[in-house]
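> any chance you could fold what I've pasted below:
(one chain, ligands or ions: 2)
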Amino acid sequence: MEKTFAIIKPDAVEARNAGKILARMEAEGFRVVAMKGHRISKAEAEGFYAEHAGKGFFGALVSYMTSGPVFVAVLERENAVAHWRAVMGATNPANADEGTIRKEFGQSIERNAAHGSANAADAAREVTFFFSQAELLSS
Ligand code: IDP
Ligand code: MG
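Ligands and ions are numbered 1, 2, ... in the order given. Purely as a prediction, here's the structure:
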C-alpha cells in the first residue's frame, strides 16, 4: 500500500464540485486516510510550491491557492501516487484525457481543480506539510 497527498483546489470547492471529487477518490479504490477543510495561507502556498518560485506564474498561483477554502487529503491504495495522477489528468485541462478530473472540472491550466503529489518523496513531504503526526496516527 502507498499513500499520496491530494488537494481539492479553491476553484473546485467554489464550483461545488468537492463532493464529486471525493466520491471519485473512493470510486477509484482509495481509502481516505485523512481529510480536512483548510484555508491555505500565503506562506504555506509559497512553501508548498517552492519548486515553482521564480516562474512567471508563481505569484498568480499563490493568489489562486489562497483565494478560498480547499480540502487537503491523504489517500491510500496500491500505486497511489501514479494512480491519482492518472485520475487527475494533465496539468492543463485542455490536454487532459476524457474522464479525468481536470478534464471534467478544470477551468484553466491554473485553475485545474485538483493537486496530486508527483512522486513518493514529494508525497511524504506534502503529507507532513499539512497534517500533524496526531492527525495521521488517529487514522
Ligand atoms: P501539477 O499540478 O500537474 O503537478 P505543476 O507543473 O507542478 O503541475 O504546477 C503546479 C500548479 O501550478 C498547477 O497544478 C497549476 O495550478 C499551476 N500551473 C502550472 N503551470 C502553469 C502555467 O503555465 N500557468 C499558470 N499556472 C500554472
Ligand atoms: Mg506538480
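
> who touches residue 30 in this structure?
75, 76, 77, 80, 83, 84 (Cβ atoms under 8 Å, 6 or more residues apart in numbering). The way it works is simple: take the backbone N, C-alpha and C, and place the C-beta from them, glycine included.

> hmm, I typed the wrong one, I wanted residue 94.
By Cβ under 8 Å, 6+ apart, residue 94 lies in contact with residue 109.

> okay, it: pLDDT?
Looking at residue 94, its pLDDT stands at 98.

> and it, which of the three is it?
Secondary structure assignment for residue 94 (DSSP: H, G, I helix; E, B strand; the rest coil): helix.

> so which helix or strand of this structure has the lowest pLDDT on average?
The helix or strand of the chain with the lowest confidence, counting by mean pLDDT, DSSP states H and E, is helix 133-137 at a mean of 88.

> could you dump that one to CSV, C-alpha only?
This file holds the C-alpha atoms of helix 133-137, laid out as CSV (Å, rounded to 0.1, in the frame of the first residue of the first chain):
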residue,chain,number,x,y,z
GLN,A,133,1.5,13.5,13.4
ALA,A,134,-1.5,13.2,15.7
GLU,A,135,-3.9,13.6,12.8
LEU,A,136,-2.2,10.9,10.9
LEU,A,137,-1.8,8.5,13.8
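
> what distance separates it from the centre of its chain?
Taking Cα atoms, centre = their mean, to the nearest Å, one finds the center of helix 133-137 at 19 Å from the center of the full chain.

> and it, what does it pack onto?
Judged by 3 or more Cβ pairs under 8 Å, 6 or more residues apart in numbering; DSSP states H and E, helix 133-137 is in contact with strand 31-38.

> how does it look with 10 Å?
Helix 133-137 sits against strand 31-38, helix 120-130, with contacts defined as 3 or more Cβ pairs under 10 Å, 6 or more residues apart in numbering; DSSP states H and E.
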